[in-house]
Structure formats: structure tokens, C-alpha cells
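Asker: quick one, what's the 3D model for this:
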Amino acid sequence: MRYYLKDSFLHNQHEKNAGSKARNDVEAILISEGYKGLEIKVDDWYQMNFFKAQQHKYSATKSVFDQLGSGDELVIQFPIIHHTFFIAQLIKQAQKRGAKFYLLIHDIETLRHAAGSEVKLRHKLRNYFQEKKALMSVDGIIVHNDIMKSVLANQGFPADKMVSLEIFDYLIPNFQEKSLPQKEQAIIVAGNLNPTKSGYLYSLPENPTYNLYGVGYDESRALNNITYFGAFMPDDLPAALEGSFGLVWDGDSSETCQGTYGNYLRFNNSHKASLYLASGFPLVVWKESALAHFVLDKQCGIVVDSLHDLQKILDELTLQDYNELLDNARHVGVALREGAYLKAALMKLK
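Answerer: Have a look, this model is predicted:
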């Protein structure tokens, strides 16, 4: 039997930042493919001390894994929300009974902090027990892209167990085609607009203009070329977006992507890229990001070294060029709304 771990946030205080959108979409696609949910049931372990919380989460996870036997498969979205230090041990116990485990990576702290040495010891220990040991113990891993696969393989993870997702799917209930975007419209930025993650928004060049959607934006520091539309629920956001391209950029600099968040784009697939494409917009991405390879391969956007180069590139882009990018983006968007990329990755795991 094929199962997925039904693993839900206890507190969803940030619904408008799309924090659970990617996980919810994965769950919906798995259900459509015939997977059954095995729910991990926990009390509010945030109110417990460390040791009691670990014991509680261990027991809750074990009660789920104990249901698995020979021929059963379990897909786990990773990182596990109700994480336990003993996840690898529990996986191995079930594997001895003939069960198989597959991880789908959303975020991986080992790579998020790859460029820095500021990680505290306790976080390094947590990453080892909850992340590295888990990845080493499972039967297969769906990673974001070939770059992430290569980096993890160089760190000792088995390359033959990893398959590339390429890009996250993005389901849009009751999707309706809008009027076609126009080349002259503003650049779209959606997601977490907090200065700690998106500091570049406060030091943009004068052109082009930008339309912002999301939480955390400091309107007191708004530039003249920015229009802020507020925050929307993930399923409502696609209909609200207006612009020419969707921008995928992180960090505190408009010159390049840098810092913890910016450098992470070298390895990961930003979920906002899927939002833009599924909504019908081509992308603007950093030239050194992992997504740049996808964008160039699918011809569904443009890549730039710096946002200070963007206006010049847009000026040189012909209307025919833009329409071709737009057509390709909309073609990819159809696949994303159908869950095609996850379905293909699941087939490759077999």
C-alpha cells in the first residue's frame, strides 16, 4: 500500500505567507495518485520541555511507522514538522519489516547555511540527527534539481537514490485565464517581504517599477517605483497578481543575491517561481540560481546578474521575444497546475 505522512502545523499563524501551500499541494497530488494519509497525532509539544517533547514526538511517529509492513511505501515531506532526533532509527525498524521510505525535500538546512559558519552547535547537532541521518536511511529522495542532487552527492548522500523534481507544482483551484500580461507592466514580487529576507526591495534602482504582494513589507521605507498591494491567501493570490514578469530574488542587495537567503537560491527551487508560472507569468531569476537552468531550458523567462541590469535587458527585449517567453511560461504553468512534475518524480523513484 502507498501512504504519505499526514504531518500538519499545530499553529498556522502565517497563513498569508504560503508557508503550508507547497505541502498542501503535495498532499493533494499524492491523494490524486492513490496514496493514503497516515496522520501523525501530537499534542502541543511546544509547551513541553525539550526532553518531554522529544519523547512525545518519538512515540507519535513510532505509532505511525508501526502500521507499516512488507510492501508498504511511505512518502514523507521533509523537514518533518513534528521532528524527532530518532527518525532514522524508526525508519530502519520499519524497513526491517519490508517497508520503504521516500523523502520529498522542501527545505534542507545543511544547504541553507552552506555558505556560512554562523550555525550554532545545537543546530549542527539537530541537522545531523534529524536531517543527515534521515536522508542516509531512506530508500529514495526527491530533491529540487540536479544542482541540489550534485551537492548532496558530494556530501556523501547516495546519488542513485535521488531524483530531481525540477520545479514545484502549484495547484490553483478554479483557475481562470486572465488577460495577457504586457511587457510594459511592472515586475511582480510576491512572498515574504520582510527586510531580513527581502532587504533588496529597499535599495532598488529607479527602474523598472514593481508590484508587491505579501507579508512583512515596511511601507514606511517604500520607494517611488513600488506599489504595495497587501497580503493574500495563497489560493487567492494568482488572481490578484498584475505585471509582466515574476521576480525570484532574495537577500539584502539588489546588486546580487547574497547572505543566507540569497545563497540558498544556488541550490533550491523557490516556491514563488511556481506561483508566477502557474499564474501565467514568465520569470526573472538570478543568473547564479539553480532555477536559472530551468528558465533557460524551458525558455520561460530571463536571467540577470543584477537588478541594476534589468531595465536595460527589458528595453532590448522585443515584443515578439516577450510573447514567446509568455507562451512558454503559460505552457509550463499548465503542467504545474496539474501536478505533472511531482507525478513524474514519483514514477522515477520506482
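Asker: ok, and the closest non-adjacent residue to residue 102?
Answerer: Spatial nearest neighbour of residue 102, chain neighbours left out: residue 140 (4.4 Å); criterion: C-beta to C-beta, 6 or more residues apart in numbering. Every residue, glycine included, has its C-beta placed from N, CA and C.
Asker: and that neighbour, backbone torsions?
Answerer: Main-chain torsions, residue 140, degrees, to the nearest 10: phi -170, psi 150.
Asker: that one contacts residue 158, correct?
Answerer: No. If you go by C-beta atoms under 8 Å, residue 140 and residue 158 don't touch, sitting 9.5 Å apart.
Asker: higher neighbour count, these two?
Answerer: Per other C-beta atoms under 10 Å, whichever of residue 140 and residue 158 has more neighbours is residue 140, with 21 against 14.
Asker: could you give the average pLDDT over the top helix by length along the chain?
Answerer: In the chain, assigned by DSSP state H, the helix with the most residues is helix 319-337. The predicted model assigns helix 319-337 a mean pLDDT of 98.
Asker: who's in contact with that helix?
Answerer: Where contact means C-beta atoms under 8 Å, 6 or more residues apart in numbering, the residues beyond helix 319-337 that reach it are 167-172, 175, 180-181, 183, 244, 274, 276-283, 298-302, 341.
Asker: which of the residues you listed count as buried?
Answerer: The neighbour count (16 or more other C-beta atoms under 10 Å) marks 167-172, 175, 181, 183, 244, 274, 276-283, 298-302, 341 as buried among the contacts of helix 319-337.
Asker: SS state for the residue of the chain positioned farthest from its centre?
Answerer: Distance from the C-alpha centroid of the chain peaks at residue 97, with 32.6 Å (C-alpha atoms, centre = their mean). Using DSSP: H, G, I helix; E, B strand; the rest coil, the structure places residue 97 in coil.
Asker: ok, now which ones touch the residue nearest to it when sequence neighbours are not counted?
Answerer: In this structure, residue 97 finds its nearest non-sequential neighbour in residue 69, 5.3 Å apart by C-beta to C-beta, 6+ apart. Residues near residue 69 by C-beta under 8 Å, 6+ apart: 97-99.
Asker: could you list the low-pLDDT ranges of the stretch 101-250 of the chain?
Answerer: Applying pLDDT under 70 to the stretch 101-250 of the chain flags residues 110, 112-130.
Asker: can you map out the strands along it?
Answerer: With DSSP state E, counting those that start in this stretch as the criterion, the stretch 101-250 of the chain has strands at 140-143, 162-164, 187-192, 210-215, 226-228, 245-248.
Asker: of those, which is nearest residue 310?
Answerer: For the strands of the stretch 101-250 of the chain, proximity to residue 310 was assessed by C-beta to C-beta; strand 187-192 is nearest, at 7.4 Å.
Asker: can you spell out which helices and strands pack onto that closest one?
Answerer: Here strand 187-192 touches helix 195-198, strand 210-215, strand 245-248, helix 271-278, going by 3 or more C-beta pairs under 8 Å, 6 or more residues apart in numbering; DSSP states H and E.
Asker: list of residues touching it?
Answerer: The contact list for strand 187-192, computed with C-beta under 8 Å, 6+ apart, reads 17-18, 198, 201, 208-216, 237, 241-247, 249, 272, 275-276, 281, 284, 310.
Asker: at 7 Å instead, please
Answerer: Contact with strand 187-192 is made by 17-18, 198, 201, 208, 210-216, 237, 241, 243-247, 272, 275-276, 281, 284, as judged by C-beta atoms under 7 Å, 6 or more residues apart in numbering.
Asker: stretch 158-170 too?
Answerer: The contact list for stretch 158-170 (C-beta under 7 Å, 6+ apart) reads 22, 25, 29, 139-146, 149, 152-153, 269, 271, 273-275, 278, 294, 336-337, 339-342, 345, 348-349.
Asker: now those: which count as buried?
Answerer: The neighbour count (16+ other C-beta under 10 Å) marks 22, 25, 29, 139-145, 149, 152, 269, 271, 273-275, 278, 294, 336-337, 339-342, 345, 349 as buried among these.
Asker: residue 256 falls within a helix, correct?
Answerer: No. Looking at residue 256 with three-state DSSP, it is coil, so not inside a helix.
Asker: can you list phi and psi of it for me?
Answerer: Torsion angles at residue 256 (phi, psi; degrees, to the nearest 10) stand at phi -160, psi 170.
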